[in-house]
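A.B. asks: Structure here, sequence nowhere to be found:
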């Protein structure tokens with residue numbers, strides 16, 4: 001990720017995924033209790049992600065296409081170097097991954 005940040009010009013955004021540190025405890029659910037597991041994951045992720053989403057909201061114009069995921073407790077977005085660094089330095093963030101998707105899009109004939 002650092003190599004991508006090193007080449008990112010000021011004000012330019014790249015796609016990243018912010019993975020939160022805290023993981024849900026699924027051991028309290030029966031194996032096939034899917035509805036309760038999904039409800040719990042959604043609630044857990046919404047609660048854990050709120051501070052990071054608030055951070056992103058504070059960077060108007062420097063972040064876009066914010067999408068929260070409950071399946072893995074993470075957030076994807078397009079962000080500038082300053083936003084990515086601010087998110088990565090948070091104690092509730094495990095890591096930030098990503099970068100340009102041009103190569104992947106080209107392989108898939110995606111515009």
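C.D. replies: That came through, no problem. Note that the structure is a prediction, hence the values are computed from the model and not measured.
A.B. asks: List the contacts of the nearest residue in space to residue 36 that is not next to it in sequence.
C.D. replies: Nearest residue to residue 36, sequence neighbours excluded (CB to CB, 6 or more residues apart in numbering): residue 29, at 5.8 Å. Backbone N, C-alpha and C define where each C-beta goes, glycine included. The neighbours of residue 29, taking CB atoms under 8 Å, 6 or more residues apart in numbering as the test, are 36-37, 40.
A.B. asks: Going by distance to residue 87, which of the residues you listed wins?
C.D. replies: Distance to residue 87, by CB to CB, is smallest for residue 40 among the contacts of residue 29, at 24.8 Å.
A.B. asks: could you say which helix or strand contains the closest one?
C.D. replies: helix 34-57 (DSSP states H and E).
A.B. asks: any idea which helix or strand comes after that helix?
C.D. replies: By DSSP H and E, the next helix or strand past helix 34-57 is strand 63-69.
A.B. asks: The following helix or strand past that next one - contacts with which helices or strands?
C.D. replies: In the C-terminal direction, the helix or strand that comes right after strand 63-69 (DSSP H and E) is strand 74-79. Where contact means 3 or more CB pairs under 8 Å, 6 or more residues apart in numbering; DSSP states H and E, strand 74-79 is packed against strand 14-20, helix 34-57, strand 63-69.
A.B. asks: Nearest residue to the middle of the protein?
C.D. replies: Most central in the chain under CA atoms, centre = their mean is residue 75, positioned 2.4 Å from the mean C-alpha point.
A.B. asks: Show me the beta-bridge partners of the closest residue to it other than its chain neighbours.
C.D. replies: In this structure, residue 75 finds its nearest non-sequential neighbour in residue 18, 4.7 Å apart by CB to CB, 6+ apart. Assessed by DSSP bridges, residue 18 has beta-bridge partners residue 75, residue 96.
A.B. asks: Counting neighbours, what do you get for residue 18?
C.D. replies: Residues near residue 18, counting by other CB atoms under 10 Å, number 30.
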